[in-house]
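J.: Pasting a predicted model and its sequence here:
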Amino acid sequence: MTKSIYPVLFATIFVFTLSGCLHLKDTNDTLFQSSTITALFERVYEGDTTYGELKTHGDFGIGTFDGIDGEMVALDGNFYQIKADGKAYPVDDEMRTPFAVVKFFESDKTISLEKSLDMRRLTAYIDRQLPSENIFYAVRIDGIFSYVKVRSVTGQQKPYPPFSEVIKNQSVFELHDVKGTVVGFRFPEYINGINVPGYHFHFITEDRKAGGHVLEFEVRNGKAEADFTNKFYMVLPNREDFYKANLNRDKLLDMEKEKAE
């Protein structure tokens, strides 16, 4: 494709539908994603999707903002921007995202948490309760957290630095004995490059005043809920920086993932 040709493919939509015997909900039960995680690693920091549009696809989710200005948390239909100061701010519909994942959350599985678990042990425990490693899950964890370690980043200006450099300058916050909610998703291994395989979590406090991208946590008591879906809908950016980005970077993606986490 030459630089002068910009066909309708620039509004490409991918729909992945997996069929099988699992009892999943209606056809509107779809995970929606704007852009790819690899594009974000390739400095595609500006987006086409507005938050007003994003809200039509889900009331629960995670993402970021133009210039990767902080972390997004969507919970119960309310969208928040966790800036580099660690504080949560309401999101205007006109704001845009270069990367986000949302879904209308409807729990298919509830797991009571009766003992203290850190993030590694809890995700392993959730995995044992899920019907398959090959479909998509939205995951919500409500409770009292003995400890939560979160991060956020400052918005970037052009010329944009590499994502790994942005993360080196991240702001890290530690919260203790706090009520709140972990919001996130579990993606299958084969999705590598489109999203990060495994769990990706953001956090927000019960008073909706603070949060960020989760690095670690320990939940003392509460519950975890999983929303199963076999439908994945992705819209790619209609932007020249996305068209020119080198997205075939499996090894580099693994390196960036390690730095980001």
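T.: On my side now, so go ahead.
J.: ok, then the element right after the lowest-mean-pLDDT helix or strand in the chain?
T.: Scoring the helices and strands of the chain by mean pLDDT, DSSP states H and E places strand 13-17 at the bottom, with a mean of 47. Proceeding N to C from strand 13-17, the next assigned helix or strand is strand 31-34, under DSSP states H and E.
J.: Can you tell me which helices and strands the helix or strand just after that following strand packs against?
T.: Heading C-terminal from strand 31-34, the first helix or strand you meet, by DSSP H and E, is helix 37-41. If you count contacts as 3 or more CB pairs under 8 Å, 6 or more residues apart in numbering; DSSP states H and E, helix 37-41 packs onto helix 250-260. C-beta coordinates here come from the backbone N, C-alpha and C atoms, glycine included.
J.: any idea of the mean pLDDT for the helix it packs on?
T.: The average pLDDT within helix 250-260 is 51.
J.: what do you get for stretch 223-233?
T.: On average, stretch 223-233 scores 97.
J.: mind exporting it as CSV, just the C-alpha atoms?
T.: What follows is stretch 223-233, C-alpha atoms only, in CSV (Å, rounded to 0.1, in the frame of the first residue of the first chain):
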residue,chain,number,x,y,z
LYS,A,223,-15.3,-10.9,46.2
ALA,A,224,-14.1,-11.4,42.6
GLU,A,225,-16.5,-11.5,39.7
ALA,A,226,-15.8,-12.7,36.2
ASP,A,227,-17.8,-11.8,33.1
PHE,A,228,-17.3,-14.4,30.3
THR,A,229,-17.5,-13.5,26.6
ASN,A,230,-16.5,-15.1,23.3
LYS,A,231,-17.0,-11.9,21.3
PHE,A,232,-14.2,-9.4,20.6
TYR,A,233,-14.6,-6.2,18.5
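J.: Show me which positions of the helix or strand where Val214 lies end up buried.
T.: Taking DSSP H and E as the definition, Val214 sits inside strand 211-229. The neighbour-count check on strand 211-229 (16 or more other CB atoms under 10 Å) flags 211-215, 217-219, 222, 224-229 as buried.
J.: Just checking: what are the partner strands of that strand?
T.: Using DSSP bridges, strand 211-229 pairs in its sheet with strand 109-113 (antiparallel), strand 117-118 (antiparallel), strand 136-152 (antiparallel), strand 198-205 (antiparallel).
J.: Gly61 is nearest to which of the ones you listed?
T.: Among the strands paired with strand 211-229, the nearest to Gly61 by CB to CB is strand 136-152 (7.8 Å).
J.: In space, what's closest to Leu40 - neighbours in sequence excluded?
T.: Phe99 (4.7 Å; CB to CB, 6 or more residues apart in numbering).
J.: One more: Gly212?
T.: Using CB to CB, 6+ apart, the nearest residue to Gly212 is Val150, at 3.2 Å.
J.: relative to strand 136-152, how tilted is the helix or strand just after the strand holding Val214?
T.: Heading C-terminal from strand 211-229, the first helix or strand you meet, by DSSP H and E, is strand 231-235. Orientation check (axes from the mean of the first three to the mean of the last three CA atoms, to 10 degrees): strand 231-235 against strand 136-152 gives 50 degrees.
J.: That'll do, ta.
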